[in-house]
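Asks: sequence plus predicted model, see below.
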Amino acid sequence: MTIALSTANPAEFTCDALVVAVVPNGRGKIELASPRLPGSISRRVLEALQAVGATGSCGQVTRIPAPTGIRAEVLVAVGLGDATKQADREARRRAVGDAVRSLTGLRTAALALPIDTDEQLRDFAVAAGLAAYSFTQFRAKSKAAQQMPLRTITILLGEDPKAAQRAIIREANVTTEAVHLSRDLVNTPPSALTPARLAQQAKSAVSNLPVTVKTWDVPALRRDGCGGILAVGQGSVNPPRLVRLDYRPSGAKAHLAIVGKGITFDTGGISIKPAANMDEMKADMAGAAAVIAATQAIATLGWKVRVTGWVPTAENMPSGTAQRPSDVITVFDGTTVEVLNTDAEGRLILADALGMAVQQKPTVIIDAATLTGAQRIALGSRIAGVMSNDPRAREFVCQAADRGGEAVWPMPLPEDLRASLDSATADLANIGDRLGGMLSAGVFLNAFIPSNQPWVHMDIAGPAFNDKGPYGYTPKGGTGAAVRTFIEVARALAAG
Ligand code: BES
Ligand code: MN
Ligand code: ZN
């Protein structure tokens, strides 16, 4: 999928579909918000749209045969809502996403949208790119029937693009590719994405980039004392791995460490999960996918910020070799942990990876993890919880998420929850208070972070996987959660 720019007149651009914007005109009718369509054609378009009941409400998509005078095959009008009210940015991004998704099965589209600012160009370009996605790798007989997303989306501009606008389109393409990669990894079934395969995928994602990759196999994990990753992985015939991606451009001042939970499948282990919806636990490596994809994007863009991506990955299975509730393990920093529930496995593999990340003393460490069901109870399936040992770092990440278009909400790490993680046998237990389970998981992770090390934890259990129908630019299945946030954090750190 490619996003391109052109200064062609919308009527004269050859493509399968021309997308125009409509808004309510305040008098019960609609008006076109696509400048540069010749007046006579505009009138015909408006009449046709009005005849089939287009209202201009935000996100409404209306498809008609392209009227004479327009070279595209079909014309799609997308409602952008009350333009004078300057509808909220996400609603407009979703509207463009809805329009692009409605064009599945066609190859090329042109967008004639009201673009007055670079911010609007970025919003529309990224939304269009993210919407043009489908996952068909595992379809055989149903593949032909499966409709493919648009191949090329050309954004029509009134004047020659400036360097800044070309940079926005390049970033939109790179961001799109990264989000699509992370969705692909999440959607891939766990039989095809074992920890070893995920490690290979991490490597190939950055193979043509100035990124060095180090992979720890089981003997290396033993040598370095990664007891959490080993314990979670010991029940599976597919052994665990740890991957480190290092992007170290010259001239970088800040150092961003990103850490992603990479459980390729979470059965719960001996503390086994119920059967209902267990299939969704293929998405338990979404944090890892985001780390891999964002590292690829940041290195591709060549931004001057050092990025270290950490991907601890294991398959959490019940078996004769699996860890048992009450086992005590020793994680990377020497802390002993009593495993009271083998389904609280994400925090165990993160304990090792965070412990290693801490040794480099980066500017900030951010982890993304599908860590708790409690996150979804607290914030629902579309908003990630953001916790930190440093209010300024938390605010920094929340603002980056907002700029990137991801919904997040700040959450506390109450100190009094720490006592609920006390163990009768070891330094720490791996489960704490069930009430506020997202927070006690965060408090557990915090135990591996020195107080002077800025660290932010994103619980993306809900937003990483869309188990309902597609909406806006978000497909069913893997969503690519945290990728845009990581990219925006890197942009801010590179800017200094
Ligand atoms: N991967 C799950 C969390 C999860 C649940 C993500 C549902 C997405 C959807 C995690 O490993 C887990 O099982 N957490 C337990 C922790 C509990 C045992 C303290 C949970 O949330 O139930
Ligand atoms: Mn679990
Ligand atoms: Zn899990």
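Replies: Done, it's in. Ligands and ions are numbered 1, 2, ... in the order given.
Asks: get me the contact residues on the stretch 301-450 of the chain for ligand 1.
Replies: Residues of the stretch 301-450 of the chain found near ligand 1, taking Cβ under 6 Å from any ligand atom as the criterion, are 341, 343, 344, 345, 346, 370, 371, 372, 373, 374, 431, 437. In this view, the C-beta of every residue, glycine as well, is placed from N, C-alpha and C.
Asks: dihedrals phi and psi, the third one?
Replies: With angles defined as degrees, to the nearest 10, residue 344 shows backbone torsions of phi -90, psi 60.
Asks: correct me, but it touches residue 432?
Replies: No - using Cβ atoms under 8 Å, residue 344 makes no contact with residue 432, being 9.1 Å away.
Asks: where does pLDDT dip in the stretch 51-200 of the chain?
Replies: Across the stretch 51-200 of the chain, the stretches falling below the confidence threshold (pLDDT under 70) are 83-87, 145.
Asks: so whichever residue of it sits closest to ligand 3, which of the three states?
Replies: Checking the stretch 51-200 of the chain residue by residue against ligand 3 with Cβ to the ion singles out residue 190 as nearest, at 12.2 Å. Counting by DSSP: H, G, I helix; E, B strand; the rest coil, the backbone at residue 190 sits in coil.
Asks: neighbours of it, how many?
Replies: 22 (other Cβ atoms under 10 Å).
Asks: can you give me the helices for this protein?
Replies: For the chain, helices defined by DSSP state H occupy the ranges 39-51, 89-101, 118-131, 163-187, 195-205, 218-223, 227-233, 286-301, 346-359, 373-379, 391-404, 437-446, 483-495.
Asks: now those helices as a markdown table including mean neighbour count and distance to ligand 2?
Replies: Output for the helices of the chain, formatted as a markdown table (neighbours: other Cβ atoms under 10 Å; distance: least, Cβ to the ion, whole Å):
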| stretch | mean neighbour count | distance to ligand 2 |
| --- | --- | --- |
| helix 39-51 | 16 | 50 |
| helix 89-101 | 23 | 30 |
| helix 118-131 | 23 | 28 |
| helix 163-187 | 21 | 16 |
| helix 195-205 | 21 | 15 |
| helix 218-223 | 14 | 20 |
| helix 227-233 | 28 | 9 |
| helix 286-301 | 30 | 13 |
| helix 346-359 | 26 | 6 |
| helix 373-379 | 19 | 9 |
| helix 391-404 | 18 | 24 |
| helix 437-446 | 25 | 10 |
| helix 483-495 | 23 | 22 |
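Asks: switch these over to JSON lines; also include distance to ligand 3.
Replies: Below are the helices of the chain laid out as JSON lines (distance: least, Cβ to the ion, whole Å):
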{"stretch": "helix 39-51", "distance to ligand 3": "48"}
{"stretch": "helix 89-101", "distance to ligand 3": "28"}
{"stretch": "helix 118-131", "distance to ligand 3": "25"}
{"stretch": "helix 163-187", "distance to ligand 3": "13"}
{"stretch": "helix 195-205", "distance to ligand 3": "14"}
{"stretch": "helix 218-223", "distance to ligand 3": "19"}
{"stretch": "helix 227-233", "distance to ligand 3": "9"}
{"stretch": "helix 286-301", "distance to ligand 3": "10"}
{"stretch": "helix 346-359", "distance to ligand 3": "4"}
{"stretch": "helix 373-379", "distance to ligand 3": "9"}
{"stretch": "helix 391-404", "distance to ligand 3": "22"}
{"stretch": "helix 437-446", "distance to ligand 3": "10"}
{"stretch": "helix 483-495", "distance to ligand 3": "19"}
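Asks: ok, which of the ones you listed comes nearest residue 420?
Replies: Counting by Cβ to Cβ, residue 420 lies closest to helix 437-446 out of these; the figure is 5.9 Å.
Asks: which strands and helices sit next to that closest one?
Replies: In this structure, helix 437-446 makes packing contacts with helix 346-359, helix 373-379, strand 384-388, strand 455-459, judged by 3 or more Cβ pairs under 8 Å, 6 or more residues apart in numbering; DSSP states H and E.
Asks: make JSON lines out of those and add mean pLDDT.
Replies: Shown next, in JSON lines, are the helices and strands packed on helix 437-446 (pLDDT from 0 to 100):
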{"stretch": "helix 346-359", "mean pLDDT": "99"}
{"stretch": "helix 373-379", "mean pLDDT": "98"}
{"stretch": "strand 384-388", "mean pLDDT": "99"}
{"stretch": "strand 455-459", "mean pLDDT": "99"}
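Asks: and of these, who's closest to residue 42?
Replies: Of all those, it is strand 384-388 that lies closest to residue 42, at 42.0 Å by Cβ to Cβ.
Asks: what score does residue 36 have for pLDDT?
Replies: In the prediction, the pLDDT value recorded for residue 36 is 89.
Asks: backbone dihedrals for it, please?
Replies: phi 80, psi 0.
Asks: excluding its backbone neighbours, what's nearest residue 388?
Replies: The spatially closest residue to residue 388, leaving aside those adjacent along the chain, is residue 394, at 3.6 Å (Cβ to Cβ, 6 or more residues apart in numbering).
Asks: if I read this right, that neighbour contacts residue 387, doesn't it?
Replies: Yes - contact criterion Cβ under 8 Å: residue 394 and residue 387 qualify, at 7.1 Å.
Asks: who touches both of those two?
Replies: For the pair residue 394 and residue 387, residues contacting each of them under the criterion Cβ atoms under 8 Å, 6 or more residues apart in numbering are 410, 456.
Asks: in this protein, what residue lies closest to ligand 3?
Replies: residue 266 (3.7 Å).
Asks: contacting residues around stretch 140-159?
Replies: Outside stretch 140-159, the residues within contact range by Cβ under 8 Å, 6+ apart are 1-10, 13, 15, 35-36, 100, 103-113, 115, 121, 124-125, 128-129, 131-134, 136, 139, 165, 169.
Asks: please apply the same query to stretch 487-495.
Replies: Looking at stretch 487-495 with Cβ under 8 Å, 6+ apart, the contacting residues turn out to be 175, 178, 252, 254, 256, 294, 297-298, 303-305, 307, 363-364, 366, 396-397, 400-401, 403-404.
Asks: again, 7 Å this time
Replies: Under the criterion Cβ atoms under 7 Å, 6 or more residues apart in numbering, residues 175, 254, 256, 294, 297-298, 303-305, 307, 363, 366, 397, 400, 403-404 lie in contact with stretch 487-495.
Asks: what parts of the stretch 201-350 of the chain come near ligand 2?
Replies: Within the stretch 201-350 of the chain, the positions near ligand 2 by Cβ under 5 Å from the ion are 266, 343, 345.
Asks: for the second one, grab the count of nearby residues.
Replies: Residue crowding around residue 343 was assessed by other Cβ under 10 Å; the count is 20.
Asks: run through the residues that contact the residue of the stretch 51-200 of the chain closest to ligand 3.
Replies: Taking Cβ under 7 Å, 6+ apart, one finds 264, 265, 282, 315 in contact with residue 190.
Asks: residue contacts, the residue of the chain closest to ligand 3?
Replies: Residue 266 is in contact with 281, 284, 316, 345, counting by Cβ under 7 Å, 6+ apart.
Asks: what is the neighbour count of the closest residue in space to residue 42 that isn't next to it in sequence?
Replies: Ranked by Cβ to Cβ, 6+ apart and with sequence neighbours excluded, the top spatial neighbour of residue 42 is residue 32, at 5.4 Å. Residue 32 sits with 21 neighbouring residues when counted by other Cβ under 10 Å.
Asks: likewise for residue 470?
Replies: Residue crowding around residue 470 was assessed by other Cβ under 10 Å; the count is 17.
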